[in-house]
Structure formats: C-alpha cells, structure tokens
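Peer 1: no FASTA, just this:
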C-alpha cells in the first residue's frame, strides 16, 4: 500500500467520523469544511470533553475528538447507560475517538498505528504542535449538538 | 458457561454485558486492559471471552496469544475498532475465533457471539 498524503488521511478521518454518527441512528450529521486552527483559539474547539489519540507508523501526529456534554450524554444513552455522569461522558468520548480513528485503518492500513485515547482537559498546552504541522479542524453538528475533530499530521518525508 | 468481557471502555463493557445477558452465564467477569484480562482468564478459565485490541498495559492481540497458549479451548471474539484486514488475520492466527468491528449493533454482537459458541 502506498502512503496516503496528509490530505487523504484527513478525508478518511472525517468520513469515519461521519459514518460513526450515522451508525448511531437516522440523524445525519452536518459536516463543516476542514479549516486551520487559528493560534490561540484552541479553547473554542475544545468543548466539554476531549480525547486525543497519537498517530504513528506511516504518519506522525494526533487526532482529537471534542464533544459537547449533551452529545456525549446522548451517545451514552444510546449505549444503554442509565445514570450519565462526567466519568461516563469522558469514557464515551475516548471510545468514540478510538472507534473513529481505528476505523480509518480500513482505508489507511495497519501501518496507521494508533494509541489508546487520552482524555485532555482543554488546555492548549495539551495540543502539541510540531513536525512542521498545522492543526486542521472539522466541525460536526449532530442531534443539534456540536463536536469537533482536530487532526495534526507531520510533513511527509 | 463462563464469560470474560475485556474492553478499556466502561460503557462498552456494560453495553456488551447487557446485550449478552447475565442469565445465560454461570459467571461474568470484566477486565479493562490486556494484562488484567490474562490474570482473570487464568483464574476464571472462561468458556468465552470478548476482547478489545487497543488497550493499555497489554494489547488484546498479545492477551489472546497468552490466553489461548494456556487454554486453547477458550473461544475468543475480538470486538475492535481496528478495521484493517491485517489485524483480523493476525487475531485469528493468535487464536481468536471471531471478529466484530466497532461500532456494532446488538443484533450483530448477538449473532457473532452465537456463531463462535455454535462452532
């Protein structure tokens, strides 16, 4: 398999996130364009809960899924949770991030290596930039609630 | 029949337990990482295990290898988000009997579970 470009990886991840939302019911997510994250404005896209997954192998970088609390609660209820607290919302966010990024290996192959999800608290310092990369942000609206997918991949060698 | 459910997500462990139901099992245990899964499996000797792959401490593929090395008759259903063919093939090579991709429906889980039980 030839290595995908950063743009191709982003397209695959956005498609995977869209598929995830569609898999949860009949509601179709609205998907925004991928735009660069403006420095200093990370707090606007890091919502109530966020989980980061490190990417290695053929690519180096990370992906973050950020959810409004009501969206995390909605998915938790879909999964049968009766009492939904912050712990469950964080758990749901991590699981969704893992599923969305893990499903991308269908197109990107086994050399798209991913870590376990790590919950982050919305601090800019927890979104490391490097490798000459920029952060791209894609907004989703689903069940009238917001989510953001942030993707940061290093420059191809 | 004894069941071990392994996933690092609490809500997924509970979801799987709810779908499969407690009444058909004599004992159900839960584990949140691969290392704990191996410890629990060696103690419980489960008939069936549902196993995630991407987990802390020890991943699910390594856990499958250790468990089937000790108890080859244990049936293991992988339930993972990793959607590439290589991972599914590797899981079977290490002793898993089935593979279910996340996100899954209750019907898909029930069917995949019944298939490995019926084998």
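Peer 2: Structure received. Since we're looking at a predicted model, the values are computed, not measured. Numbers count the residues shown, from 1 in each chain, chains lettered A, B, ... in the order given.
Peer 1: any idea of the pLDDT on the residue positioned nearest the centre of chain B?
Peer 2: By CA atoms, centre = their mean, chain B has its centre lying nearest to residue B:50, at 1.7 Å. pLDDT for residue B:50: 98.
Peer 1: Would you agree it falls within a helix?
Peer 2: No. Residue B:50: not assigned to a helix; according to DSSP: H, G, I helix; E, B strand; the rest coil it is strand.
Peer 1: just checking, it touches residue B:17?
Peer 2: No. Counting by CB atoms under 8 Å, residue B:50 does not reach residue B:17; the two are 9.4 Å apart. C-beta coordinates here come from the backbone N, C-alpha and C atoms, glycine included.
Peer 1: which residues sit in contact with the residue of chain B found nearest chain A?
Peer 2: Proximity of chain B to chain A (CB to the nearest CB) peaks at residue B:81, 2.9 Å away. Residue B:81 makes contacts with A:98-103, B:54, B:101-103, as judged by CB atoms under 8 Å, 6 or more residues apart in numbering or on different chains.
Peer 1: Mind doing that once more with 7 Å?
Peer 2: By CB atoms under 7 Å, 6 or more residues apart in numbering or on different chains, the contact set of residue B:81 is A:98-99, A:102-103, B:54, B:102.
Peer 1: Excluding covalently adjacent residues, which one is nearest to it?
Peer 2: Leaving out its chain neighbours, the residue that sits closest to residue B:81 by CB to CB, 6 or more residues apart in numbering or on different chains is residue A:102, at 2.9 Å.
Peer 1: got it, and residue B:28?
Peer 2: Of all residues not flanking residue B:28 in the chain, residue B:3 sits nearest, at 4.8 Å (CB to CB, 6+ apart).
Peer 1: that older thread, what helix or strand is the residue nearest to residue B:81 located in?
Peer 2: Using DSSP states H and E, residue A:102 sits in helix A:86-103.
Peer 1: Just confirm residue A:33 is within a helix.
Peer 2: No. Residue A:33 sits outside any helix when classified using three-state DSSP, being coil.
Peer 1: Quick check: phi and psi on it?
Peer 2: phi -80, psi 160 (degrees, to the nearest 10).
Peer 1: Excluding chain neighbours, what is closest to it?
Peer 2: Nearest non-adjacent residue to residue A:33, counting by CB to CB, 6+ apart: residue A:138, 7.4 Å away.
Peer 1: roughly how far is the host helix or strand of the one you found from the heart of the chain?
Peer 2: Assessed by DSSP H and E, residue A:138 sits inside strand A:135-142. Computed by CA atoms, centre = their mean, to the nearest Å, the chain-centroid distance of strand A:135-142 equals 8 Å.
Peer 1: what separates the residue nearest to residue A:33 from chain B, distance-wise?
Peer 2: 19 Å (CB to the nearest CB, to the nearest Å).
Peer 1: give the contact list for that residue.
Peer 2: A:14, A:31-32, A:34, A:148-149.
Peer 1: Most neighbours out of these, which is it?
Peer 2: residue A:149 (26 neighbours; other CB atoms under 10 Å in any protein chain shown).
Peer 1: Show me the beta-bridge partners of that residue.
Peer 2: Beta-bridge partners of residue A:149, counted by DSSP bridges, are residue A:65, residue A:138.
Peer 1: Give me the neighbour count for the spatially closest residue to residue B:32 that is not a sequence neighbour.
Peer 2: Spatial nearest neighbour of residue B:32, excluding adjacent residues (CB to CB, 6+ apart): residue B:8 at 5.2 Å. Residue B:8 has 23 neighbours, counted by other CB under 10 Å.
Peer 1: Strands of chain A, residue ranges please.
Peer 2: A:30-31, A:35-36, A:49-57, A:61-67, A:112-114, A:118-120, A:135-142, A:145-153 (DSSP state E).
Peer 1: For those strands, give me JSON lines that also has mean pLDDT.
Peer 2: JSON lines is the format used below for those (pLDDT from 0 to 100):
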{"stretch": "strand A:30-31", "mean pLDDT": "98"}
{"stretch": "strand A:35-36", "mean pLDDT": "93"}
{"stretch": "strand A:49-57", "mean pLDDT": "95"}
{"stretch": "strand A:61-67", "mean pLDDT": "94"}
{"stretch": "strand A:112-114", "mean pLDDT": "96"}
{"stretch": "strand A:118-120", "mean pLDDT": "92"}
{"stretch": "strand A:135-142", "mean pLDDT": "96"}
{"stretch": "strand A:145-153", "mean pLDDT": "95"}
